[in-house]
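Colleague: could you work out the structure for the sequence below:
(chains A, B, C and D)
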Protein chains: 2
Amino acid sequence: MTGTAVDPREATRGRIEAAALDLFTRRDFETVTADEVADAAGISRRTFFRHFATKADAVWGDFHAHVVRLEELLAATADQPVLASICAAYVEVNDYADADLPLLRQRMRLILGEPALQAHSQVRYADVDRVVAEHVARRTGCRPDALVPRLVALSTRAAATTAFETWLGGEGSLTEDLQAAFAQLAGGFPTLR
Amino acid sequence: MTGTAVDPREATRGRIEAAALDLFTRRDFETVTADEVADAAGISRRTFFRHFATKADAVWGDFHAHVVRLEELLAATADQPVLASICAAYVEVNDYADADLPLLRQRMRLILGEPALQAHSQVRYADVDRVVAEHVARRTGCRPDALVPRLVALSTRAAATTAFETWLGGEGSLTEDLQAAFAQLAGGFPTLR
DNA sequence: ACGCTAGTGGCACCCAGTGCCACTAGCAAG
DNA sequence: CTTGCTAGTGGCACTGGGTGCCACTAGCGT
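Modeller: Coordinates of the predicted model:
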């Protein structure tokens, strides 16, 4: 036996995620009921909502860990200029192994493509924005709700979102798309004169 | 009698908006049921949903007209550089009379403060993003889903959102907050070195 | 055998949103 | 005046997301 303990909690959670991703991809998100996802995962509707607060949450994996890691990466790159630090952190936190890219594509295609999921994403991204704004505030010595921290947080997330859109529509690497978007942003959109 | 015809459709719609804004401001958005809003507006629940597709839509007024006007303003400012054009259009479309500012504050406080409304806003803002991206694409001769048009659309909206946050938290003028945010964005965040 | 805990299923409930039907008011045409 | 059309409305039943509550089971230490 390997040392990987099979936490039954995590196991069923994973089965739900897989079933949800599969169903949401094959049909529209809104036409799939929570009952169907639960059935496909071999659990009851009630149990589904014990593992995920909303139907939409089933596509996000462990996003909280993602945010925590972003926060750590920001703290670890305090030697770089602020924008470069944020870019590096976004690139690093989205540095997936090749084998995981299809899953990421599936997730992001849903999140960016389905209106209901796009709306829900705002709630999750609010955590990201808060973390980035606090980082900028720390670096610049102002409050996290001041103009510059908030603007940097929201516009860098806009850059990341745009990079994901471009990545989904093309064949390039996500890292390059992220860096291209951040370069445009940090340079004041040089291609517009 | 004045020449202002009192379209009964618009009249009840206005009563619903007023009742909704009042109730959502006094309690949390989510704790107010559509029944309560309908009762307060003196109509039935069923009629509420004939005037507004969702509970959240009742706080947005005639947002479609807003988007159309933004589109016209963008077309009318083609003599300026792209970012300046977008800034001018955002400023102009948000140039409210003093008497309307309290209502705008109330709306934006709800939209930016209540998580459910913040999520819903994504759906409405998608129209704005599309209009701005198409404008940038036209100006730069590339497709509306290319990197620069999408990034400019999303990050200028980030600037506008941040300006609204700042405006809500302070005492200054909305126009100045918008221009300050756009200046930061267009200049590549000069205050970060 | 006992008790404790974590995970589960079932059930009833609330609420957002929709489809359908019946009713009424206004208004035009005969 | 009456007939017919239309727009707006209310009521009702239904689907689906999400929650609170309770009962059941499995594991596990004592």
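
Colleague: what separation is there between A:Arg193 and DNA strand D?
Modeller: Between A:Arg193 and DNA strand D the distance is 45 Å, computed by C-beta to the nearest atom of the strand, to the nearest Å. (C-beta placed from N, C-alpha, C; glycine too.)

Colleague: check contacts around that residue.
Modeller: B:81-82 (C-beta atoms under 8 Å, 6 or more residues apart in numbering or on different chains).

Colleague: quick check: it vs DNA strand C, distance?
Modeller: Distance of A:Arg193 to DNA strand C, computed by C-beta to the nearest atom of the strand: 43 Å.

Colleague: please, which helix or strand holds A:His120?
Modeller: Using DSSP states H and E, the element containing A:His120 is helix A:115-140.

Colleague: report all helices and strands that that helix contacts.
Modeller: helix A:63-76, helix A:82-93, helix A:101-113, helix A:147-169, helix B:115-140 (3 or more C-beta pairs under 8 Å, 6 or more residues apart in numbering or on different chains; DSSP states H and E).

Colleague: and it with helix A:82-93, angle?
Modeller: 130 degrees (axes from the mean of the first three to the mean of the last three C-alpha atoms, to 10 degrees).

Colleague: about what we covered before: out of the helices and strands packed on helix A:115-140, which is the most enclosed?
Modeller: helix A:147-169 (a mean of 24; mean count of other C-beta atoms under 10 Å in any protein chain shown).

Colleague: ok, then the element right after that helix?
Modeller: Going down the chain from helix A:147-169, the next helix or strand is helix A:174-186, by DSSP H and E.

Colleague: helices or strands up against that following helix?
Modeller: So helix A:174-186, by 3+ C-beta pairs under 8 Å, 6+ apart, packs with helix A:82-93, helix A:147-169, helix B:147-169.

Colleague: how far does the second one sit from the chain's center?
Modeller: Which is helix A:147-169. 11 Å (C-alpha atoms, centre = their mean, to the nearest Å).

Colleague: so for it, mean pLDDT?
Modeller: Mean pLDDT, computed over helix A:147-169, is 98.

Colleague: packing partners of that helix?
Modeller: Under the contact criterion of 3+ C-beta pairs under 8 Å, 6+ apart, helix A:147-169 touches helix A:82-93, helix A:101-113, helix A:115-140, helix A:174-186, helix B:147-169, helix B:174-186.

Colleague: as CSV, those helices with distance to DNA strand C would be great.
Modeller: Listed next are the helices and strands packed on helix A:147-169 as CSV, based on distance: least, C-beta to the nearest atom of the strand, whole Å:
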stretch, distance to DNA strand C
helix A:82-93, 27
helix A:101-113, 20
helix A:115-140, 10
helix A:174-186, 33
helix B:147-169, 22
helix B:174-186, 29
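
Colleague: in TSV: the ones you listed, plus distance to B:Asp129.
Modeller: Formatted as TSV, the helices and strands packed on helix A:147-169 follow (distance: least, C-beta to C-beta, whole Å):
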stretch	distance to B:Asp129
helix A:82-93	20
helix A:101-113	12
helix A:115-140	11
helix A:174-186	15
helix B:147-169	4
helix B:174-186	15
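
Colleague: any idea which of those helices gets closest to DNA strand D?
Modeller: Comparison of the helices and strands packed on helix A:147-169 against DNA strand D by C-beta to the nearest atom of the strand identifies helix A:115-140 as nearest, at 8.1 Å.

Colleague: quick one: mean pLDDT over the closest one.
Modeller: 98.

Colleague: give me the distance between A:Asp127 and B:Pro115.
Modeller: 11 Å (C-beta to C-beta, to the nearest Å).

Colleague: dump the residue contacts of the spatially most central residue of chain A.
Modeller: Computing the C-alpha centroid of chain A and ranking residues by C-alpha atoms, centre = their mean puts A:Phe63 first, at 6.5 Å. Contact analysis of A:Phe63 by C-beta under 8 Å, 6+ apart lists A:Arg124.

Colleague: using PDB, list the CA coordinates for stretch A:63-75.
Modeller: The C-alpha trace of stretch A:63-75 is given here as PDB (Å, rounded to 0.1, in the frame of the first residue of the first chain):
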ATOM      1  CA  PHE A  63     -10.000  27.400  -5.100                       C
ATOM      2  CA  HIS A  64      -9.200  28.500  -1.500                       C
ATOM      3  CA  ALA A  65      -5.900  26.700  -1.600                       C
ATOM      4  CA  HIS A  66      -5.300  28.600  -4.900                       C
ATOM      5  CA  VAL A  67      -5.800  31.900  -3.100                       C
ATOM      6  CA  VAL A  68      -3.700  31.000  -0.200                       C
ATOM      7  CA  ARG A  69      -0.900  30.000  -2.500                       C
ATOM      8  CA  LEU A  70      -1.200  33.300  -4.500                       C
ATOM      9  CA  GLU A  71      -0.900  35.200  -1.200                       C
ATOM     10  CA  GLU A  72       2.300  33.300  -0.300                       C
ATOM     11  CA  LEU A  73       3.800  33.900  -3.800                       C
ATOM     12  CA  LEU A  74       3.100  37.600  -3.500                       C
ATOM     13  CA  ALA A  75       4.900  37.800  -0.200                       C
END
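
Colleague: wait, which of the helices and strands packed on helix A:174-186 is closest to B:Ala53?
Modeller: helix B:147-169 (22.1 Å; C-beta to C-beta).

Colleague: could you pull up phi and psi at A:Pro81?
Modeller: Phi and psi for A:Pro81, reported as degrees, to the nearest 10, are phi -60, psi 160.

Colleague: quick one: which of the helices and strands packed on helix A:147-169 is nearest B:Glu92?
Modeller: helix B:174-186 (9.3 Å).

Colleague: residues making contact with that closest one?
Modeller: By C-beta under 8 Å, 6+ apart, the list of residues contacting helix B:174-186 reads A:147-148, A:151, A:155, A:188-189, B:83-84, B:86-87, B:90-91, B:94-96, B:101, B:104, B:155-156, B:158-160, B:162-164, B:166-167, B:170, B:190-191.
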